[in-house]
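# For reference, the sequence and a predicted model appear below.
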Amino acid sequence: QVQLVESGGGLVQAGGSLRLSCAASGGTFNRYHMGWFRQAPGKEREFAAAISFSGGTTSYTDSVKGRFTVSRDNAKNTVYLQMNSLKPEDTAVYYCAAQSRPVWTTITRKTSYTYWGQGTQVTVSS
């Protein structure tokens, strides 16, 4: 059973930065595509970013392109989300997820992910 644990969330002013981490255990991390999703109050959980199992390919939703960077360290079984130029609309609970049957064309779909972390709160004040 794969466990994912996110950390690094917090309260930041608009324009600031945060770096989220997601540590994986119990599985074969370097075989999983990894995704970051976020859920704002009263809204659906939505795709934010993803990285392929090798780290060679990334994908971002339009609203975070140029501000967020996803990366991974397979030696540490950890995926990161560097968030810069944060905006109040980025406020959400951020979840990492693992796609144990990696299919890159489905990387934006919540239902294609097998394992989920518990989430970490990011709050951006104006």
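Sure, I can see it.

# number of nearby residues for the residue nearest to Tyr60 when sequence neighbours are not counted?
With Cβ to Cβ, 6 or more residues apart in numbering as the criterion, Tyr60 has its nearest non-adjacent residue at 4.9 Å, and that residue is Ala49. Bear in mind the C-beta positions are built from the backbone N, C-alpha and C, glycine included. Ala49 is flanked by 27 other residues according to other Cβ atoms under 10 Å.

# separation between Gln1 and Gly27?
When Cβ to Cβ, to the nearest Å is the yardstick, Gln1 and Gly27 sit 8 Å from each other.

# And Gly117, by the same measure?
Taking Cβ to Cβ, one finds Gly117 at 13 Å from Gly27.

# Would you mind grabbing the residues shared as contacts by the two?
In terms of Cβ atoms under 8 Å, 6 or more residues apart in numbering, Gly117 and Gly27 are not both contacted by any residue.

# Can you give me the pLDDT of the closest residue in space to Gln121 that isn't next to it in sequence?
Closest residue in space to Gln121, ignoring its immediate chain neighbours: Gly9 at 4.8 Å, by Cβ to Cβ, 6+ apart. At Gly9, the predicted lDDT confidence score is 98.

# So for this protein, the centremost residue is which one?
Within the chain, one residue has its C-alpha closest to the average C-alpha position: by Cα atoms, centre = their mean, that is Trp36, at 2.1 Å.

# Any idea how far whatever helix or strand that residue lives in is from the middle of the chain?
Trp36 is part of strand 33-39, with elements assigned from DSSP states H and E. Mean C-alpha position of strand 33-39 versus that of the full chain (Cα atoms, centre = their mean, to the nearest Å) differs by 4 Å.
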